[in-house]
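Colleague: Fold the following for me, if possible:
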Amino acid sequence: MESKLAWKLAVYREAVLWRIVALTESVAINWNSGNIVGAYLSARALIETSALLLDLEHELKKHIDARDIAALNTLLNNRTFATREKQWVEMDPESAAINVLTLIDRMDKRTGSGIRRLYDLMSERCHPNYLGHHQMFGTLDVETGTTSFSESKDIERHRDAILGATVLLLLDENCIDRLENEIERVAALQTA
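Modeller: Numbers count the residues shown, from 1 in each chain. Alright, predicted model coming up:
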């Protein structure tokens, strides 16, 4: 591949694909073993990754259509090396990561999917608060005043949230496929 930008996009696309596969496997393994917290954490990370991927595609198309090679380079560098590590950002301000909530809000607005609401609900289950500890594992017997704990308490109650996140795999798969075309468009733009 003669286009460095097309190479950057191809490498980035592949890295994100590997992350999506790893997160999806983690959701399945955790769900199948009854580890609901693990399934929530992985499914929530899948939402974040999907939001990042879909936002990249949106921004990429905008810069390709404008034939703006400098903006493409800045975008691909940012997405490849994005960080929230303060010292790194001080050395290279263009590497500052976009807040994941911003990306999720953008995806929610573009798709009309209500994904932000699902993400917020999943975050409540991932955080160490009432829904993330007592309601995740504990059951109060109001007659005796005793609480019992189970790792897979009411597992079926969590199915819709976990499946809601994994439905994004359909969007991700289509986006990954479309990015193949974008790689060719970037290469043609840079070698023109």
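Colleague: Low-confidence bits of the chain, can you list those?
Modeller: Low-confidence regions of the chain, defined by pLDDT under 70, span residues 1, 152-153, 192.
Colleague: again, 90 this time
Modeller: Applying pLDDT under 90 to the chain picks out residues 1-2, 34, 113, 129-141, 148-160, 164, 190-192.
Colleague: So which residue is dead centre in it?
Modeller: In the chain, the residue lying closest to the centroid (CA atoms, centre = their mean) is residue 49, at 1.7 Å.
Colleague: is it true that it touches residue 24?
Modeller: No - applying CB atoms under 8 Å, one finds residue 49 not in contact with residue 24, separated by 9.9 Å. Quick note: C-beta positions are derived from backbone N, CA and C, even for glycine.
Colleague: what about the residue nearest to the centre of the chain, which SS state?
Modeller: Applying DSSP: H, G, I helix; E, B strand; the rest coil to residue 49 yields a three-state assignment of helix.
Colleague: can you count the residues close to residue 128?
Modeller: When neighbours are defined as other CB atoms under 10 Å, residue 128 has 9 of them.
Colleague: pretty sure it belongs to a helix, no?
Modeller: No - counting by three-state DSSP, one finds residue 128 to be coil, located in no helix.
Colleague: what does stretch 43-50 contact?
Modeller: The set of residues external to stretch 43-50 that reach it, using CB atoms under 8 Å, 6 or more residues apart in numbering, is 16, 19-20, 23-24, 27, 100, 103-104, 107, 115, 118-119, 122-123, 126, 161-162, 165-166, 168-169, 171-172.
Colleague: if we go to 10 Å?
Modeller: When contacts are defined by CB atoms under 10 Å, 6 or more residues apart in numbering, stretch 43-50 is touched by residues 16-17, 19-20, 22-24, 26-27, 30-31, 100-101, 103-104, 107, 111, 115-116, 118-119, 121-123, 125-126, 158, 161-172, 175.
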